[in-house]
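Trainee: Provided below are the primary sequence and the corresponding predicted coordinates.
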Amino acid sequence: MITCHLKYTIDPYQVPLFEQYGKLWIDLVNRFIGQHHGYFLPSEGANNIPYALFSFPSLAEYESYRKSILTDKECIEDFKLLEQSKCILSYEGTFLRPVLN
């Protein structure tokens, strides 16, 4: 299993739009054999730093997902929403592996 941890910097005046984007991507990742663990929006502290976590069974499955989203109609529409709104200013991703007991 591989888990991606995303840290975003967003426009704090567009949190509702980012939340809309997140809800769409939760469904999309799950549709592509991933497991989305949710988006975590600012509550206390910084008002422009949300996080997301999602997992795939393997790095190969993640790479397949990355290729598929480039031609998927719903994904393209969501990318356009982001591009037009500019609600995401930047993001960084880290790949993690779980330690399970």
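Mentor: Here it is on my side, so go on. Residues are numbered from 1 along each chain as shown.

Trainee: packing partners for the helix or strand bottoming out on mean pLDDT in the chain?
Mentor: Every helix and strand of the chain was ranked by mean pLDDT, DSSP states H and E. The lowest is helix 73-85, at a mean of 89. For helix 73-85, the packing partners by 3 or more C-beta pairs under 8 Å, 6 or more residues apart in numbering; DSSP states H and E come out as helix 15-31. Yep, even glycine has a C-beta here, placed from its N, CA and C like the rest.

Trainee: how far is the helix it packs on from where the chain is centred?
Mentor: Here helix 15-31 is found 7 Å from its chain centre; the criterion is C-alpha atoms, centre = their mean, to the nearest Å.

Trainee: and what of stretch 13-28?
Mentor: Relative to its chain's centre, stretch 13-28 lies at 9 Å (C-alpha atoms, centre = their mean).

Trainee: Bridge partners for the residue nearest to L59 when sequence neighbours are not counted, pull those for me.
Mentor: With C-beta to C-beta, 6 or more residues apart in numbering as the criterion, L59 has its nearest non-adjacent residue at 5.1 Å, and that residue is I2. Beta-bridge partners of I2, counted by DSSP bridges, are F56.

Trainee: Pull the number of nearby residues for I2.
Mentor: Here the number of neighbours of I2 (other C-beta atoms under 10 Å) works out to 18.
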